[in-house]
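In: kindly return the folded structure for what I paste below:
(one chain, ligands or ions: 1)
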Amino acid sequence: MTTSGFDIRPTAHPTDPAIREQILGNAGFGRYFTDHMAHIRWTADAGWHGREVRPYGPLTLDPAAAVLHYGQEIFEGVKAYRHADGSVWTFRPEKNAERFRASARRLALPELSDEDFIGSLKALLAQDSAWVPTPRDGEETSLYLRPFMIASETFLGVRPSKEVDYYVIASPAGAYFKGGVKPVSIWLSSNYKRAAPGGTGYAKCGGNYAASLAAQKEAEAHQCDQVAFLDAVENRWIEELGGMNLFFVYKDGRIVTPQLTGTILEGVTRDSILELAREEGLTPEERHISIDEWREGAASGELVEVFACGTAAVVTPVGELVSEDERLRLSGDNGGEYAKRLRTRLLDLQYGRSEDKRGWLTRLA
Ligand SMILES: *Cc1c(COP(=O)(O)O)cnc(C)c1O
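Out: Numbering: from 1, shown residues only. Predicted coordinates:
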């Protein structure tokens, strides 16, 4: 049996439907996985081959596999949404496919075509579509898809791997915020930087996350939820959070996000919000924004909202910015009105509750 070139090897031990329903009812995030995974192998000699959907389970890797030593790895994050008629869709997957290729180039990994990237999502969903939760009463449940690529060659020399494996695993996701969206507090890291010019900031690679964990620990020690990073050169320009992009809304209707300079991850949510903001009557700007602009805007009341965005949490209001010597709250805080509206706009599109005028949705099942 094949689905668009993928050999299908169904599991002999599918999850009992009653247990699956129990999991879907209280999924949390990243804790449970579906019955199958998609896989494509690459070798320098044969290119991409061996497309398959096989039972979910542990990988067999040689202890000398390059990824375990030098971190040659990239990943993506995409969601599958169930619409009211039961069909399953994903949001702008060609943007993720394009970014996955940009990440691959930076990490000296082979590039995967749109056809294989989107085809692998479809092939996996053809087996595991029952794992896409049905949202009730506007709940934000979905199936989180995690494509990733690893250097699997057994070799301790330092050079790009000649053997690579690409996988997609899937994990049911409940609402990111139980009991509604609540503003997060942000720690402004002064000890750590996320990305430097010429580095890997724009690539979605595990190494960036590994390097952000010490800063995240520092944030938690100060009772903060997330970390905001400043640029590595001047220690002055706001870049992003560890895994989300940032937006700033002004009283006069401007909505500003840091411009892409190679040190910021190009979020699909970020790009979508830049477009949807116009429909809310906002004027989007991509430019440098300094930590002093945040301070002054907060004090004067000109800055009325700060929010973070990404596929996992969608849109998250930022309540306060905390550092060693200050605690910054917005004096003109409007209660996160635009964050709420943009969040609703995005979710309505993703769950098929509003018209998809831009062709942003792709059907998976
Ligand atoms: C994935 C990610 C984002 C958000 O990107 P989306 O495409 O919107 O999910 C932002 N920043 C970092 C560092 C990321 O890894």
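In: before we move on, which element is the nearest residue to E275 once chain neighbours are set aside in?
Out: Counting by C-beta to C-beta, 6 or more residues apart in numbering, the nearest residue to E275 once its immediate chain neighbours are dropped is R358, at 7.5 Å. Where C-beta positions appear, they are placed from N, C-alpha and C, glycine not excepted. In this structure, R358 sits in neither a helix nor a strand according to DSSP states H and E.
In: now do R358, the pLDDT please.
Out: According to the per-residue confidence, R358 scores 97 in pLDDT.
In: what does G179 give?
Out: At G179 the predicted local distance difference test score is 64.
In: so that it lines up with my notes, have the first residue be 593 from now on.
Out: New numbering, starting at 593: the last item is G771.
In: for the residue nearest to E867, phi and psi?
Out: Here the main-chain torsion angles of R950 (degrees, to the nearest 10) amount to phi -100, psi 0.
In: quick one: it from S781, how far?
Out: The gap separating R950 from S781 is 36 Å, by C-beta to C-beta, to the nearest Å.
In: likewise F692?
Out: From F692 to S781 the distance is 27 Å (C-beta to C-beta).
In: between those two, point out the one with more neighbours.
Out: F692 (26 against 21; other C-beta atoms under 10 Å).
In: identify all contacting residues around stretch 708-723.
Out: Defining contact as C-beta atoms under 8 Å, 6 or more residues apart in numbering, one finds that stretch 708-723 is touched by 595-598, 600, 602, 609, 612, 616, 626-630, 632, 640, 643, 645, 670, 672, 680, 682, 685-686, 688-689, 692, 724, 735, 737, 739, 758, 760, 762, 764, 954, 956-957.
In: Throw together a PyMOL command that grabs the buried residues out of these.
Out: If you want just the buried ones from those in PyMOL, going by 16 or more other C-beta atoms under 10 Å, the selection is:
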select buried, resi 595+598+612+616+626+627+628+629+630+632+640+643+645+670+672+680+682+685+688+689+692+724+735+737+739+758+760+762+764+954+956+957
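In: which ones among the contacts of stretch 708-723 map onto helices?
Out: For the contacts of stretch 708-723, membership in helices holds for P609, R612, L616, P685, E686, N688, A689, F692, with DSSP state H as the criterion.
In: contact partners for the first one?
Out: By C-beta under 8 Å, 6+ apart, the contact list for P609 reads A722.
In: ok, the third one next?
Out: Taking C-beta under 8 Å, 6+ apart, we find L616 in contact with W723, P725, T733, P764.
In: need the contact list for the residue lying farthest from the centre of the chain.
Out: Within the chain, S892 marks the point farthest from the mean C-alpha position, 33.2 Å out by C-alpha atoms, centre = their mean. Listed by C-beta under 8 Å, 6+ apart, the contact set of S892 reads S923, G924.
In: tell me the spacing between it and I881.
Out: Here the criterion is C-beta to C-beta. By it, S892 lies 15 Å from I881.
In: and A931, how many neighbours?
Out: Residue neighbour count, defined by other C-beta under 10 Å, stands at 25 for A931.
In: about what we covered before: what's the neighbour count on the residue nearest to E867?
Out: The burial count for R950: 11, using other C-beta under 10 Å.
In: ok, the one 3 residues further on next?
Out: By the criterion of other C-beta under 10 Å, L953 has 19 neighbours.
In: over to R728?
Out: When counting by other C-beta under 10 Å, one arrives at 8 neighbours for R728.
In: now name the helix or strand holding it.
Out: Counting by DSSP H and E, R728 is found in no helix or strand.
In: list of residues touching the strand or helix carrying L939?
Out: Taking DSSP H and E as the definition, one finds L939 inside helix 929-942. Outside of helix 929-942, the residues that reach it under the criterion C-beta under 8 Å, 6+ apart are 671, 673, 681, 683, 730, 732, 773, 841, 847, 861, 864-865, 868-869, 871-872, 874, 897, 899, 906-909, 945-946, 948, 952-953.
In: can you narrow those down to the ones near the ligand?
Out: With C-beta under 6 Å from any ligand atom as the criterion, those include T861 near the ligand.
In: buried among the contacts of helix 929-942? Need that as a selection in ChimeraX.
Out: In ChimeraX, selecting the buried portion of the contacts of helix 929-942, with burial taken from 16+ other C-beta under 10 Å, looks like this:
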select :671,673,681,683,732,773,841,847,861,864,865,868,869,874,897,899,906,907,908,909,952,953
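In: surely T682 and R674 touch.
Out: No: between T682 and R674 there is no contact under C-beta atoms under 8 Å: 11.1 Å.
In: and the helix holding L939, how far out from the chain middle?
Out: For helix 929-942, the gap between its own C-alpha mean and the chain's C-alpha mean amounts to 17 Å (C-alpha atoms, centre = their mean, to the nearest Å).
In: what does stretch 789-805 give?
Out: For stretch 789-805, the separation from the chain centroid amounts to 13 Å (computed by C-alpha atoms, centre = their mean).
In: in contact with M741, which residues?
Out: For M741, the contacting residues are E665, I666, F667, F692, A696, L701, L704, V756, D757, Y758, Y759, taking C-beta under 8 Å, 6+ apart as the criterion.
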